[in-house]
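> Predicted model and sequence follow; I will ask about them next.
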Amino acid sequence: MKCLFLGWLCLVNLIVYSQKTIYNPELDGYRQLMTAIDSASKNQKHVLVQVGGNWCPWCIRFHEFCRNVKSIDSIISASYIWVHLNYSRENKNEEALKYLEHPERFGFPVLVVLDSKGRRIHTQDSEYLEKEKSYDTLKVIKFLKNWSPQAIKK
């Protein structure tokens with residue numbers, strides 16, 4: 001009976017984890033970018049574009065990691081407009097990816113930083129931010145700080 005219960009609990013966790021929806025395949029990615037750039041311009045921020053999909057465990061993992069590490073979440077909130085740009089069979093957002101100069105070539109998730117005028121200033125292969133089965137706090141903080149509006153103005 002104990003094994004049956006543990007098996008059921010694992011199955012429920014698997015279903016819940018696989019149904020996390022951070023990316024919305026119904027959104028027009030180009031329009032998402034234009035809205036974020038407008039907001040960034042008004043708030044003196046940059047745009048952090050996380051390209052990936054709900055099908056990608058590392059994409060979900062990066063989002064959760066950033067939200068759960070308070071120092072990283074604070075940097076993102078203070079310096080960036082964070083956009084989750086969907087890439088999936090249902091919607092590849094080709095116009096948005098063209099605008100971002102095709103970051104999908106680096107794999108997923110891939111991070112693109114735009115300045116407040118919408119110019120791409122950096123594309124980051126997230127593999128270099130990884131540590132074992134997660135992400136490295138210090139590397140992610142360094143990446144976010146190095147491409148923040150405050151760092152670029154110096």
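Done, it's in.

> what about the residue nearest to the spatial centre of the chain, distance to Arg67?
Nearest to the mean C-alpha position of the chain, by Cα atoms, centre = their mean, lies Gln50 at 2.8 Å. When Cβ to Cβ, to the nearest Å is applied, the distance between Gln50 and Arg67 equals 12 Å. All C-beta spots, glycine's among them, are computed from the backbone N, C-alpha and C.

> sorry, back to before: surely the residue nearest to the centre of the chain and Phe62 touch.
Yes. In terms of Cβ atoms under 8 Å, Gln50 counts as a neighbour of Phe62; the distance is 6.7 Å.

> which residues does the residue nearest to the centre of the chain bridge with?
With DSSP bridges as the criterion, the beta-bridge partners of Gln50 are His84, Leu111.

> State the pLDDT value of it.
According to the model's per-residue confidence, Gln50 sits at a pLDDT of 99.

> picking up where we left off before, any shared contact partners between Gln50 and Phe62?
Overlap between the contact sets of Gln50 and Phe62, as judged by Cβ atoms under 8 Å, 6 or more residues apart in numbering, is given by Pro109.

> So, low pLDDT: which residues of this protein?
Per-residue confidence for the chain (pLDDT under 70) gives these ranges: 1-19, 154.

> Going by residue numbers, what spans are strands in it?
Read by DSSP state E, the chain holds these strands, from start to end of the chain: 46-52, 80-86, 110-114, 120-125, 130-131, 134-135.

> coming back round to it: quick one: the residue nearest to the centre of the chain from Lys153, how far?
With the distance defined as Cβ to Cβ, Gln50 ends up 24 Å from Lys153.

> got it, and Val51?
Taking Cβ to Cβ as the measure, Val51 and Lys153 are separated by 26 Å.

> the more surrounded of these two?
Comparing Val51 with Lys153 by other Cβ atoms under 10 Å, the one with more neighbours is Val51, at 28 against 7.

> rewinding a little: make a markdown table out of the strands of the chain and add distance to Pro103.
What follows is the strands of the chain, written out as a markdown table (distance: least, Cβ to Cβ, whole Å):
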| stretch | distance to Pro103 |
| --- | --- |
| strand 46-52 | 6 |
| strand 80-86 | 9 |
| strand 110-114 | 4 |
| strand 120-125 | 5 |
| strand 130-131 | 17 |
| strand 134-135 | 18 |
